[in-house]
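Trainee: One predicted model, sequence on top.
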Amino acid sequence: MPTSRPISGEGWRKLFWPLAARFSAASRSCTLTPMDVCAEAKAELCGRAKAWTSWRRLPWLWLGMFTLSACSSAGTAGNRTADGATTDAALSSPLDAGSPGDAGPPGWALYTIPVGEHYAYVTMGQPGNPTDGFSSSAGRDYLFRLNQSAEYVLTHPVQPDDQFDWNKLPGLSDCGTVDLSVNGAMFGWRRRLDTTPNVLEVTAYANNNSVHLTPNTPLFTLDDADLASDTPIHYRVWLDGNQYQFAVSGQVQGRTINATTTLSRACSTEPATSLKFAAGFYFGGTSTAPSQITGYVSEIPFTE
């Protein structure tokens, strides 16, 4: 029987930091963005606290106190729209896509990466859309809409070649760790300024015992007009024995996108349904986001 390895101190840091960053961003923006952010953070905290204490008996009270106290002054007046009106309308089921160009169609959740951050926080989400935190799923299955906010330029990179670093779309950790930079599978994306025209590349991306893996060529590219169209692309990534499977499909500006590939997996005997961490939209690499970057996601439970 495969045995899950203990999670290192660094692993716990990388687990807590994105959650703390998300809750912090949510609490800071409660008076500016939909009021369900704080309610969502509170509900998620309670659910995760129970799972964490039963799994590893983690000390989580400090995070709970911070989140609940930070959000308490925001009230519970319902969801707030951009013009200050309130609504209690519920979201429909995931992948009920609506019009791709709508600001926030039913069935979509919004990832936002603030300036100077790596991690995104989520608004308009619902249980399972997007998958976030601990999961026993063997894969991820979602539509994602990259838009013109992804046309970033690093003017003050931490390292000279950071513009070539791969940013991340949602994925899963693997091999008994919560740290996707050690073992895990996801999609990568980056903005190329050295091509004519400039394009955004999307690729399969995996970590195999901390070794970064990508195919020789990206799965597809999006130019400025493609990003302006705000078109959803279908992404699937899953664990399959000694490899990770990747698939993308869609129609952008009359062009068909349909690509598959595989990358090697370090722990072929680890069950695909073992406990792992589901990560979200992420910037970096080394540098943080030079401008606010957003993306809409609509996720359904993964099935092979």
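Mentor: Here it is on my side, so go on.

Trainee: now the helices for this structure?
Mentor: For the chain, the helices defined by DSSP state H occupy 9-28, 36-55, 61-72, 224-228.

Trainee: I would like the residues contacting the last one, please.
Mentor: Yep, that's helix 224-228 we're talking about. Around helix 224-228, the neighbours that count as contacts under C-beta atoms under 8 Å, 6 or more residues apart in numbering are 146-148, 150-151, 197-198, 200, 252-253. Every C-beta, even on glycine, is put in place using the N, C-alpha and C of the backbone.

Trainee: contacting residues around residue 247?
Mentor: Neighbours of residue 247 in contact, by C-beta under 8 Å, 6+ apart: 234-237, 259-260.

Trainee: Apply 10 Å and report the result again.
Mentor: Each residue near residue 247 by C-beta atoms under 10 Å, 6 or more residues apart in numbering is listed here: 139, 141, 204, 219, 234-238, 258-261.

Trainee: Select from those every entry located in strands.
Mentor: Judged by DSSP state E, those include 139, 141, 204, 234-238, 258-261 as members of strands.

Trainee: Now list the buried members of the residues you listed.
Mentor: Using 16 or more other C-beta atoms under 10 Å as the burial test, the ones in strands among the contacts of residue 247 include 139, 141, 204, 234-238, 259, 261 as buried.

Trainee: Now render the contacts of helix 224-228 as JSON lines, adding neighbour count, pLDDT and distance to residue 173.
Mentor: Output for these, formatted as JSON lines (neighbours: other C-beta atoms under 10 Å; pLDDT from 0 to 100; distance: C-beta to C-beta, whole Å):
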{"residue": "146", "neighbour count": "23", "pLDDT": "98", "distance to residue 173": "23"}
{"residue": "147", "neighbour count": "18", "pLDDT": "98", "distance to residue 173": "27"}
{"residue": "148", "neighbour count": "15", "pLDDT": "98", "distance to residue 173": "30"}
{"residue": "150", "neighbour count": "19", "pLDDT": "98", "distance to residue 173": "24"}
{"residue": "151", "neighbour count": "18", "pLDDT": "98", "distance to residue 173": "29"}
{"residue": "197", "neighbour count": "9", "pLDDT": "96", "distance to residue 173": "35"}
{"residue": "198", "neighbour count": "14", "pLDDT": "97", "distance to residue 173": "32"}
{"residue": "200", "neighbour count": "22", "pLDDT": "98", "distance to residue 173": "25"}
{"residue": "252", "neighbour count": "17", "pLDDT": "98", "distance to residue 173": "30"}
{"residue": "253", "neighbour count": "11", "pLDDT": "97", "distance to residue 173": "34"}
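
Trainee: and of the residues you listed, the nearest to residue 160?
Mentor: residue 198 (18.5 Å; C-beta to C-beta).

Trainee: Sounds good, over and out.
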